[in-house]
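Undergrad: output the structure for:
(chains A, B and C)
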Amino acid sequence: MSKTFAVIRKNRQSWRDWTAHGPAVAGGTLLLLIVVGCTTVSWWSPYSSEKSNMSERYLAPSWRHPMGTDGLGRDLLTRVLYGGRISLVVGVLATALGLTLGTGLGSLSGLQAGQVDNLVMRVADVFLALPRIVILILMTVYLRQIDLPLLQRGGGVVGIVLILGLLSWMGVARQVRAQLLVLKEWDFVLAAQAVGVSPTGVLWRHLLPNAWTPVIVAASLRIAGAVMAESGLSFLGFGVQPPTPTWGNILTNGQDELLKGHFWLVIFPGLMIFITVISINFLGDGLRDALDPRRTMGRK
Amino acid sequence: MMKQSTFHPSMWRVLLLTGLALVAVACQVPPSALDSEPLEPPTQIVYAMYQEPEQLNPFLASQTVAGEVRALVVEGVLGLDPDGLNYPELATRVPTVENGGVSADGLTLKYELREDVLWSDGEPFTCDDLLFTFEAAVDPDSGAVRRTGWDQIESVNCTDDFNITIQFAEFYAPFLGLFYAILPRHATGDPAEMTQWPYNRQPVGTGPFQLVEWVSGDHILLEPNPNYRNYPTQPFVDQIVVRIVPSREVGKALLRSGEIHILRDLTEADTPEFADQENIRLHGRPSSRTERLLLNLADPTLDSTDRPQEHPHPLLGDVRVRQAIELAIDKQFIVDNLLYGATVVATSEIGLGWAACDIAPSDYDPALAKNLLTEAGFSDGDGDGIRECAGCAHAAAGTPLRLKIQTTSGNQLREDTQVLLAEMLAEIGVELYIENVPSSVLFGSWSNGAFRKHGNFDILMYTTTDGIDPHRQMASYFHSSSMPTAANGGVGNNYSRWINPVADSALDVAGSTPETELRIEAYQEVCELIDAELPHIYLYERGDLHAALTSVIGFKVNPWNNETWNAEEWSLN
Amino acid sequence: MKAYVVRRLLQVLPLLLLISLLTFLLADAAPGGPLAAYAEDPDLAPEDLARLEAQLGLAEPGWQRYGYWLGRIMLGDWGHSLVTHRPVILEIGERLPRTLLLMGVSLVITLAVALPLGILTAVHQYSLPDHLLTLAAFIGQAVPVFWLGLLLITIFSVWLHYPVSPSQGFAWFHLWDCGDCAPLLPGGGMTPIGRGGLLLGARLRHLLLPVGMLTFVSVGTYLRFMRGQMLEVLNSDYMRTARAKGLPEHRVLVPHAVKNALLPVVTVLALDLPGLFGGALFTETIFSWPGMGRLFYRSAQRVDFPVLMGIVLINAALIIFFNLVADVLYAYLDPRVRYS
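TA: You can find the predicted model right below:
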């Protein structure tokens, strides 16, 4: 192989690397930007996220208000970034809780075949079959009466995360279990067991990394679901109450505005959720490729 | 090993074909190519509503929308016009003391019925049908929702086929409104099985239309009743389609696309949206609905106390605090900005009609409000902007002036109003925090432990309506016997737990005399007492607001009746 | 295997019983209640409410009502709606076909689009179309449904038109500007009303927007899943071995890989099938499609016990059944999976 050819090859290789990693890198960058924006907004925004300013109602996007203003004259960019604090925390934590519960129960179910497996899966069936709206209404009514400081912390965010997490583990559990049922019969797992690796070791080092592929793909979508579900909870009276903004409630309130010509009230919060979800998706995609022990990226 | 960045031509082909197929499917369905449309399509008015009627029996239904559909088919003895005046429908005239239709004591009522009326199935309409309507309403097993008034009737007598005498045991103020929908004896069934009557979804009436088709959740189709007394002159249209459009936003979009002709029930906040639409007209009229703040005068930690004066609300229990709250609210600002000046500031419970109260709008005077609070023993000791109790009447020293405000969730106009209220009250050192709940929770029943019924709240915000006769509304919201308590099984709407003996006796007078002048005086007195003691703070009047295409002719808003009250006069341009 | 299936089937009844009991308890504790709709009616006297409560059978203690309901359902009597007073079986029976039509057509189109594209994007991983389709899939999943729905109605029903009278002829500019025009696509409903006849073409036109939206938002999930499974298989050892032996990629390997990758997709599909029964609340709301989703929502809001219990019970039965199907399918298709 001549030297020049090797160089060309190398360049082509990095191009492939970039096309493989690019979306993940771009996703990560965007996500970072949003997070930084949300955390620093209170330092640089001249506007309040909650206080009305009726002389500046429904202003279209401009240099002064890059995302326009809402029906009470509040700067939308400021509100969207403040809203991102709650929405991102809720989205990520609720998803994490659902994933943890789902992975835990799914692993339990997949490894401990028999009675345990059956029990866990039937509980999942029951959870899937119960009417979710009714559960949510009930939880919102009764959770509020529980006087636990933990639940009230952060404006009830902990409570919201708990509700959303507890209602979203079933799918993950089924997925993980299904993966494990196959994987645990694989040669490399059997081999590991044969050489005396402990069951937890097998689970952590050999099974979960292989089973996580579909879970991670699903996770990024769940975050968007959780962001929207939070606005549903506000609607039921348990979520974040006005005037505190979240992406969910900004968008929900905005649905009426599209036809009134105040498109920015829908476009921008929708875009934020959308960009976040897509970023996480691409990140998740990259992460999956990186985590998958059977695949080495780009060059084979 | 794997080809990764090169792209196999077959893939483009598949992509292209998929795309082409989709486009082809979309275009291959030319709008009417597959259908043989009739040459002359029927003139059709599509009337859209957000809710579906549960059923159309006037004695079982609780919803406004059921009344809207029912009124196309079913008539009453009298109707109410947009000015709140009775006009004869199935009767020949409106009975009064002067024309001998009503006795001087208001206990005897006589109707003379029209003789030219047929039911839509061709059977003649007679006095016997009124008698049956009465029997059905009072049957203890019928499942009839409301019997108020009917149970005051001592006897109903048909002197002949077209003359009826109704004898009341006690004076019942809104007695002219009782026979607002007449049931046919021959086309219904046993009153004891009323909930199972086929009539409930297939009503037989004397009105301009008859029900042709009801597709659950989608639409109800009505066509002219060939036995209607003005047929074929009226009605003017061939079909009325009542369409269920489950969301207001979608309804507005469909109105713009021309798929529906009339969209009922909009808010003042919707007005600017239609201002520049040439083909859409807004139809509005002031109504008897009033958006208000309902203040809890009793201790909110107690479950439905019947002695609010001994257990007052720690903060709202002092009338000066309530006055300060009203003085701090710039109602006109809310009306001008959030409601685009499309309505007026509300001043009393009865804003419209013959009994309308004459109350001056409250002043906006934050300075006076601050003085009142200071006087009441609330001052900002720790400098956080919120006053605390320091020598106030009912709260422990140091209790901050912090109040919870609750309304139905998902209503942007109300949420925006809350935010403005909170800012206005913050100006005088009162903190208002929001905790909204779904309407089913807010308006829940006593047995379900609804906090409104049980008195576990500070301030509620919602709208209620009184009918053309305000008595039931007034008595149930302001009479001391109407406080929901364990003793009365949670009945009544006096959620403020407001007790005023003078108001009680005025309400008693108003409910027991047929003399209009006396009644007007009594209600005026109650309104003034409310204005002084502020169990409610009235914010703004809600109009009856609907939108229709300009091609619709004859649509006339009627705040006292269903909007379909004159549907026989509707036509399309 | 047989023993396993029998054992699972034996669990169905107790499981349904448990679900019905839990649903009943939840609904019974829910705020509001069936009589909440009457709360604001000043015409309703206290004794009226008490009478209604007794007539609707709400006055008795909960366990008694549950027992009564259970007894009736055993005999095949689903009861009557507390709201409309119609038989539950009629309420559900009326809406089910509409939901099945909407959801079924969407699912078929979704699969027809998603599976081939999933395979192709996997075979050509990291190519431009792969990235574009991945992006499109993500857009479909990330876009808020009611927002998309309103946008579709605005574009296809408010903005775009077609001429009503054929004499006017068809020209492209008529799409957004013409005299006597009707919306290009209906923004809601199932069929034109009051015209009679079968109206097949019109029905199809009414289906286009809701089906289009449902497909757009759900295609991504299947596409991504198919792609992931396909990649898994393509990178598996036996495929490497086959390649090493020199078997040609597109003619031989891909068909084999597709077969293997489809197995998990089938099981996922089985798990999704009960969703066909439940309907899609948001789509049904936006496009005025009176299906199961809205019936369920109404019955939950109004705490209409009999209807709520009916829907939950059927839904639970479907979920349990299709979960079993998925499990069996899984074991059947993948010989390595064993149930003891």
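
Undergrad: from now on I want contacts and neighbour counts done on CA atoms only, so please keep to that.
TA: OK.

Undergrad: pLDDT score assigned to residue 31?
TA: Chain wasn't specified; assuming chain A. For residue A:31, the pLDDT comes out at 89.

Undergrad: wrong one, chain C
TA: 69.

Undergrad: likewise for residue B:54?
TA: What the model reports for residue B:54 is a pLDDT of 86.

Undergrad: burial count for the closest residue to it other than its chain neighbours?
TA: Of all residues beyond its chain neighbours, the one nearest residue B:54 is residue C:84 (4.9 Å), with distances taken as Cα to Cα, 6 or more residues apart in numbering or on different chains. Residue crowding around residue C:84 was assessed by other Cα atoms under 10 Å in any protein chain shown; the count is 20.

Undergrad: which bits of the stretch 151-300 of chain C sit near chain B?
TA: Within reach of chain B by Cα under 8 Å from any Cα of the partner chain, the stretch 151-300 of chain C has these residues: C:153-154, C:157-159, C:162, C:182-190, C:193-195, C:199-202, C:204-205, C:208, C:285-291.

Undergrad: which parts of the stretch 51-200 of chain C sit against chain A?
TA: By Cα under 8 Å from any Cα, the residues of the stretch 51-200 of chain C that approach chain A are C:126, C:135, C:138-139, C:141-144, C:146-147.

Undergrad: which among those residues gets closest to residue C:250?
TA: Among these, residue C:126 lies closest to residue C:250 (Cα to Cα), at 17.3 Å.

Undergrad: so how far is residue A:279 from that closest one?
TA: Computed as Cα to Cα, to the nearest Å, the residue C:126 to residue A:279 distance reads 17 Å.

Undergrad: just the helices in the stretch 251-400 of chain B please.
TA: For the stretch 251-400 of chain B, the helices defined by DSSP state H, counting those that start in this stretch occupy B:271-275, B:319-328, B:331-338, B:366-375.

Undergrad: what's in contact with the third one?
TA: Pointing back at helix B:331-338 there. Counting contacts by Cα atoms under 8 Å, 6 or more residues apart in numbering or on different chains, the residues outside helix B:331-338 that touch it are A:54, B:269, B:341-345, B:364, B:413, B:416-417, B:420, B:539-540.

Undergrad: looking at those residues, point me to the pair that's furthest apart.
TA: Within these, two members stand farthest from each other by Cα to Cα: B:269 and B:364, at 22.8 Å.

Undergrad: how many residues are close by the residue of the stretch 201-300 of chain A found nearest chain C?
TA: Per Cα to the nearest Cα, the residue of the stretch 201-300 of chain A with the smallest distance to chain C is residue A:274, at 5.2 Å. The tally of other residues near residue A:274 (other Cα under 10 Å) stands at 21.

Undergrad: what about it, which SS state?
TA: Reducing the assignment to helix, strand or coil with DSSP: H, G, I helix; E, B strand; the rest coil, the entry for residue A:274 is helix.

Undergrad: residue C:4 and residue B:494, how far apart?
TA: Relative to residue B:494, residue C:4 is positioned 62 Å away (criterion: Cα to Cα).

Undergrad: okay, those two: which has more neighbours?
TA: More neighbours surround residue B:494 than the other of residue C:4 and residue B:494, with 25 against 12 (other Cα under 10 Å).

Undergrad: quick check: closest non-adjacent residue to the residue positioned nearest the centre of chain A.
TA: Most central in chain A under Cα atoms, centre = their mean is residue A:223, positioned 2.1 Å from the mean C-alpha point. If you skip the residues right next to it in sequence, residue A:223 has residue A:91 as its closest partner in space, 4.7 Å away by Cα to Cα, 6+ apart.

Undergrad: excluding its backbone neighbours, what's nearest the residue of the stretch 201-300 of chain A closest to chain C?
TA: Counting by Cα to Cα, 6+ apart, the residue nearest residue A:274 is residue C:142, at 5.2 Å.

Undergrad: before we move on, back to that, now render the residues of the stretch 51-200 of chain C next to chain A as JSON lines, adding pLDDT.
TA: Supplementary listing: these in JSON lines, determined by pLDDT from 0 to 100:
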{"residue": "C:126", "pLDDT": "77"}
{"residue": "C:135", "pLDDT": "81"}
{"residue": "C:138", "pLDDT": "77"}
{"residue": "C:139", "pLDDT": "80"}
{"residue": "C:141", "pLDDT": "75"}
{"residue": "C:142", "pLDDT": "71"}
{"residue": "C:143", "pLDDT": "75"}
{"residue": "C:144", "pLDDT": "72"}
{"residue": "C:146", "pLDDT": "74"}
{"residue": "C:147", "pLDDT": "76"}
